[in-house]
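Undergrad: Okay, here's the prediction I keep looking at, along with the sequence it came from:
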Amino acid sequence: MVIEKQRPGVPGLPVLVLVLGAWAWAAMQVTQVADGPDAAAAFFKMAVPVGVLGVLILKGLFMVQPNESKVLQLFGHYVGSARIAGLRWSNPFYTAIRVSLRTRNFETKHSKVNDADGNPIEIGAVVVWQVRDSAEATFEVDNYENFVHVQSEAALRQIASRYPYDGSEGKDSLRANASIIADHLKDEIQERLARAGVKIIEARFSHMAYAPEIASAMLQRQQASAMVAARRQIVEGAVGMVQDALAQLSHHNIVQLDEERKAQMVCNLLVVLCGDRGAQPVVNAGSNYQ
């Protein structure tokens, strides 16, 4: 495994000034003897060597942008990485490969996968990442950007297959526990990219839905579940209201009811409180016991 090591080189601006000064000095020397018999000899002995040496030295200059790394190689051998921003200089025979250290993000394709219950769903995610080790990103994988995309989609498929889209109470599901499962997705992607020198900053679901072929049926099931839950809450509230009504009647001694009349009152109150429509009152003009 190739691990990044720092090789920042030396500041490039003094080297540039030195080379330009040497060229200017050589030009002045040649100009001074330009009309003499030694002009040609001075040109080949002074100007040519200084010019060639200056070009060779200038070849070692390279620019490092902020949040960028230059991976340096000497005849195919990794020698180090330069991360200090600015104009730098190193061995002219080094080759420099640019690697961006900026934070990047991408959205995976909407993948179709079966959840833990076997239901086909469509799911997508947004992954935020950056290069942590420029040497690993360059030499351990062929194309680290494509590697990040492919492994992220593979991890997304694997995570989606572990959980149901809609789970029962006490069980994690993709829809109800998206933030928790997204953290598991981040860890899964990071584990896959450990050798690529890439750090996963964040992974969040961007799309989640049942596949079109079962979306209508699942929507009906969700509506039925919501209706049952609402009915259960209505019944619980109605029972509490009936209990309070009976307790208040008994406490204030407003009316004495036998068990049969209590049962009738409970039945009437539950019908009124749990019905879908407003109750239509019927006035009884006779005795309650007729």
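TA: Structure received. Residues are numbered from 1 along each chain as shown.
Undergrad: For the stretch 1-150 of the chain, give me the ranges with low pLDDT.
TA: Scanning the stretch 1-150 of the chain with the threshold set as pLDDT under 70 gives 30, 32-47.
Undergrad: can I get the CA coordinates of stretch 178-186 in PDB?
TA: Extracted in PDB, the C-alpha atoms of stretch 178-186 (Å, rounded to 0.1, in the frame of the first residue of the first chain):
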ATOM      1  CA  ALA A 178     -34.000   7.300   7.400                       C
ATOM      2  CA  SER A 179     -31.400   9.300   9.300                       C
ATOM      3  CA  ILE A 180     -30.200   6.400  11.400                       C
ATOM      4  CA  ILE A 181     -29.900   4.100   8.400                       C
ATOM      5  CA  ALA A 182     -28.200   6.900   6.500                       C
ATOM      6  CA  ASP A 183     -25.400   6.800   9.100                       C
ATOM      7  CA  HIS A 184     -25.100   3.000   8.500                       C
ATOM      8  CA  LEU A 185     -24.900   3.800   4.800                       C
ATOM      9  CA  LYS A 186     -22.000   6.300   5.400                       C
END
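Undergrad: what about the strands in the stretch 101-250 of the chain?
TA: For the stretch 101-250 of the chain, strands defined by DSSP state E, counting those that start in this stretch occupy the ranges 104-107, 111-114, 120-131, 198-210.
Undergrad: Name every strand pairing with the second one and say which way it goes.
TA: Looking back up the chat, that one is strand 111-114. Paired strands of strand 111-114, with direction, are strand 120-131 (antiparallel) (DSSP bridges).
Undergrad: The strand it pairs with: which residues count as buried?
TA: Residues of strand 120-131 classed as buried by neighbour count (16 or more other C-beta atoms under 10 Å): 121, 122, 123, 124, 125, 126, 127, 129, 131. The way it works is simple: take the backbone N, C-alpha and C, and place the C-beta from them, glycine included.
Undergrad: and if you look at stretch 187-200?
TA: Buried residues in stretch 187-200, counting neighbours by 16+ other C-beta under 10 Å, are found at 188, 189, 190, 192, 193, 196, 197, 198, 200.
Undergrad: would you turn those into a markdown table with distance to residue 265 and pLDDT?
TA: Converted to a markdown table, the buried residues of stretch 187-200 look like this (distance: C-beta to C-beta, whole Å; pLDDT from 0 to 100):
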| residue | distance to residue 265 | pLDDT |
| --- | --- | --- |
| 188 | 59 | 93 |
| 189 | 62 | 94 |
| 190 | 64 | 94 |
| 192 | 66 | 92 |
| 193 | 68 | 91 |
| 196 | 73 | 90 |
| 197 | 75 | 90 |
| 198 | 70 | 93 |
| 200 | 63 | 94 |
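Undergrad: Would you mind giving the domain segments of this protein?
TA: According to automatic domain parsing, the chain comprises the domains 10-97, 104-210, 215-274.
Undergrad: In contact with residue 232: list those residues for me.
TA: Residues near residue 232 by C-beta atoms under 8 Å, 6 or more residues apart in numbering: none.
Undergrad: go on, residue 81?
TA: Per C-beta under 8 Å, 6+ apart, neighbours of residue 81: 4, 5, 6, 7, 69, 70, 71, 72, 99, 134, 135.
Undergrad: Next, the second one: phi, psi?
TA: If I follow you right, that is residue 5. Phi and psi for residue 5, reported as degrees, to the nearest 10, are phi -130, psi 150.
Undergrad: ok, it touching residue 83?
TA: No. Assessed by C-beta atoms under 8 Å, residue 5 is found out of contact with residue 83, at 11.0 Å.
Undergrad: and those two? which has more neighbours close in?
TA: residue 83 (19 against 10; other C-beta atoms under 10 Å).
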